[in-house]
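*Asks:* No letters, just coordinates:
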């Protein structure tokens, strides 16, 4: 088939394009700007557009369909021509549903933890030689791509993102999947640029629970009262199965699952991940994996890129990277490292990058989020605030909202680097948290320099 991607450079979009090419399709694409790692991945598959920007000439009647990414706008000239020609247009979640109509669909959603839970399930199923298709939002160690599509696999594992699908269809992605089985890890207000009130945000999860195929079942974390409310309001035909954190202990900074087979050591940190493990266990159990098989497989789960990822380790210092950006994930991540590194100083460096985190209306949600850190730094780029068309924010406002003693706020990466290199503690753990890239900063190089100082 002939398929064209509008905004091919997206994290999932470029992997989907590669997956469809590998199935023997003729794939083309376009985008205004393509960053790493998408750029190199597309180039290696000869899918990198010959030039940046939108070219209506790329859209023609010989295309079987077009897949459009959320980064394109309604006024996109390629999209307008596709509409004019009457071509079939999918968002990527719509296409994934079309691909998986005859498969069992397992969707893992929630405001936090969904990527890790999806990754654990994928790791265990593969280790137990169960065939499945998948889509996950981040790269998982041991998996070459974030998307796999096949004709033979009887089921598909989907990370269920609540952000919008496409400029033509501004509804959450996970509303398209019509799952047979679901997991929700929690509900905490996010994506303020789209869901202006918490009630509006909650309703997206309520709608999600109404689209389960044939009633279906949902596993949900019972420690979240908001999620409990959402589940309670769902239809009576939906099977509702609560879970909590997996029993565990901490030994020499390492989390160990307590099971009837004995202790199972993990490469994961924090009580929040113990919730993720329990949720993944229930899904795998439902898919036919015995508990002892799950525990055997999870011991060598190496984690997800940008989730508790070790960047560098020196004689007495270590630097980690985490995707945490929302208030709940920042708290959970810091607490996880505090539990594991009780004998070390904990330094945190948070980038405010998302629309919500740079919005004055939302900043108050972060109050106390950095409390468990011994020292804390925050970076934000004023140009990013302008690009998102938000009111300017000052360093004083950030300090007041976070209410963290000794907090250092930087608007310049050079000053941030100087502060981090000047840390005088002989032994510490540095936790870098961001959903962005610190305005293009080479975090791996910085981590090595800090760890080896």
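*Replies:* Nice, thanks for sending it over. Keep in mind the model is a prediction, meaning the values are calculated, not measured.
*Asks:* Okay, buried residues for stretch 410-417 please.
*Replies:* When burial is assessed from 16 or more other C-beta atoms under 10 Å, stretch 410-417 yields the following buried residues: 410-411, 413, 416-417. Every residue, glycine included, has its C-beta placed from N, CA and C.
*Asks:* Which members of those residues are the farthest-apart pair?
*Replies:* 411 and 417 (13.1 Å; C-beta to C-beta).
*Asks:* Now do the strands in the stretch 201-350 of the chain.
*Replies:* Applying DSSP state E, counting those that start in this stretch to the stretch 201-350 of the chain gives strands spanning 217-221, 239-243, 248-251, 254-259, 262-265, 309-313, 317-322, 345-351.
*Asks:* before we move on, what about the stretch 351-453 of the chain?
*Replies:* Using DSSP E, counting those that start in this stretch, the strands assigned to the stretch 351-453 of the chain run over residues 375-379, 408-410, 428-433.
*Asks:* okay, now the domains of the protein?
*Replies:* If you go by automatic domain parsing, the domain ranges for the chain are 2-87, 95-298, 309-451.
*Asks:* Adding mean pLDDT, write those out as JSON lines.
*Replies:* Formatted as JSON lines, the domains of the chain follow (pLDDT from 0 to 100):
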{"stretch": "domain 2-87", "mean pLDDT": "96"}
{"stretch": "domain 95-298", "mean pLDDT": "94"}
{"stretch": "domain 309-451", "mean pLDDT": "92"}
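*Asks:* Correct me if wrong: residue 378 contacts residue 358.
*Replies:* No: under the criterion of C-beta atoms under 8 Å, residue 378 makes no contact with residue 358, lying 11.4 Å away.
*Asks:* list the residues that contact both of the two?
*Replies:* Counting by C-beta atoms under 8 Å, 6 or more residues apart in numbering, the shared contacts of residue 378 and residue 358 are residue 352.
*Asks:* rewinding a little: now the strands of the stretch 351-453 of the chain as JSON lines including distance to residue 83?
*Replies:* Below are those laid out as JSON lines (distance: least, C-beta to C-beta, whole Å):
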{"stretch": "strand 375-379", "distance to residue 83": "41"}
{"stretch": "strand 408-410", "distance to residue 83": "45"}
{"stretch": "strand 428-433", "distance to residue 83": "40"}
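*Asks:* Nearest to residue 207 among these would be which one?
*Replies:* Taking C-beta to C-beta as the criterion, residue 207 comes closest to strand 428-433 out of the strands of the stretch 351-453 of the chain, the separation being 30.3 Å.
*Asks:* helices or strands up against the closest one?
*Replies:* strand 317-322, helix 327-340, strand 345-351, helix 443-451 (3 or more C-beta pairs under 8 Å, 6 or more residues apart in numbering; DSSP states H and E).
*Asks:* Determine which of the ones you listed approaches residue 297 most closely.
*Replies:* helix 327-340 (21.7 Å).
*Asks:* got the angle for the closest one vs strand 254-259?
*Replies:* Angle of helix 327-340 versus strand 254-259, following axes from the mean of the first three to the mean of the last three C-alpha atoms, to 10 degrees, is 90 degrees.
*Asks:* what's the offset of helix 327-340 from the middle of its chain?
*Replies:* 16 Å (C-alpha atoms, centre = their mean, to the nearest Å).
*Asks:* Flag every buried residue along it.
*Replies:* Neighbour counts over helix 327-340 (16+ other C-beta under 10 Å) mark 327-338, 340 as buried.
*Asks:* Show residues contacting that helix.
*Replies:* 111-112, 186, 188, 250, 253-255, 269-273, 308, 320, 322-324, 346, 348, 350, 365-366, 368-370, 372-373, 429, 431, 433.
*Asks:* which ones are touching residue 316?
*Replies:* Residue 316 sits next to 426-427 when contact means C-beta under 8 Å, 6+ apart.
*Asks:* Kindly check the end-to-end length of stretch 240-259 for me.
*Replies:* 24 Å (C-alpha to C-alpha, to the nearest Å).
*Asks:* One more: stretch 250-258?
*Replies:* Terminal residues of stretch 250-258 lie 10 Å apart, using C-alpha to C-alpha.
*Asks:* Which positions in it come out as buried?
*Replies:* For stretch 250-258, a neighbour-count test (16+ other C-beta under 10 Å) marks 255-257 as buried.
*Asks:* Run the chain-centre distance for that stretch.
*Replies:* Centroid displacement of stretch 250-258 relative to its chain, using C-alpha atoms, centre = their mean, is 25 Å.
*Asks:* Also stretch 48-59?
*Replies:* Here stretch 48-59 is found 29 Å from its chain centre; the criterion is C-alpha atoms, centre = their mean.
*Asks:* Now the phi/psi pair for residue 136, please.
*Replies:* Backbone torsions of residue 136, given as degrees, to the nearest 10, read phi -130, psi 150.
*Asks:* residue contacts, it?
*Replies:* Counted by C-beta under 8 Å, 6+ apart, residue 136 has contacts 115, 118-119, 122, 143, 146, 157, 159.
*Asks:* From residue 345, how far off is it?
*Replies:* 34 Å (C-beta to C-beta, to the nearest Å).
*Asks:* ok so, going back, nearest to residue 179, out of the helices and strands packed on strand 428-433?
*Replies:* Nearest to residue 179, of all the helices and strands packed on strand 428-433, is helix 327-340, at 23.5 Å by C-beta to C-beta.
*Asks:* any idea which of the contacts of residue 136 is the one closest to residue 103?
*Replies:* For these, the closest approach to residue 103 (C-beta to C-beta) belongs to residue 157, at 10.1 Å.
*Asks:* tell me the angle the helix ranked longest in the chain makes with strand 239-243.
*Replies:* Ranked by residue count under DSSP state H, the longest helix found in the chain is helix 271-286. The directions of helix 271-286 and strand 239-243 differ by 140 degrees, with the same axes, to 10 degrees as the criterion.
*Asks:* From the contact counts, what lies against helix 271-286?
*Replies:* Packing contacts for helix 271-286, counted by 3+ C-beta pairs under 8 Å, 6+ apart, involve strand 104-109, helix 114-127, strand 181-184, strand 217-221, strand 239-243, strand 254-259, helix 291-298, helix 327-340.
*Asks:* Would you format the strands of the stretch 201-350 of the chain as a markdown table with distance to residue 425 included?
*Replies:* Output for the strands of the stretch 201-350 of the chain, formatted as a markdown table (distance: least, C-beta to C-beta, whole Å):
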| stretch | distance to residue 425 |
| --- | --- |
| strand 217-221 | 36 |
| strand 239-243 | 39 |
| strand 248-251 | 23 |
| strand 254-259 | 23 |
| strand 262-265 | 28 |
| strand 309-313 | 16 |
| strand 317-322 | 8 |
| strand 345-351 | 5 |
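*Asks:* Sweet, I'm off.
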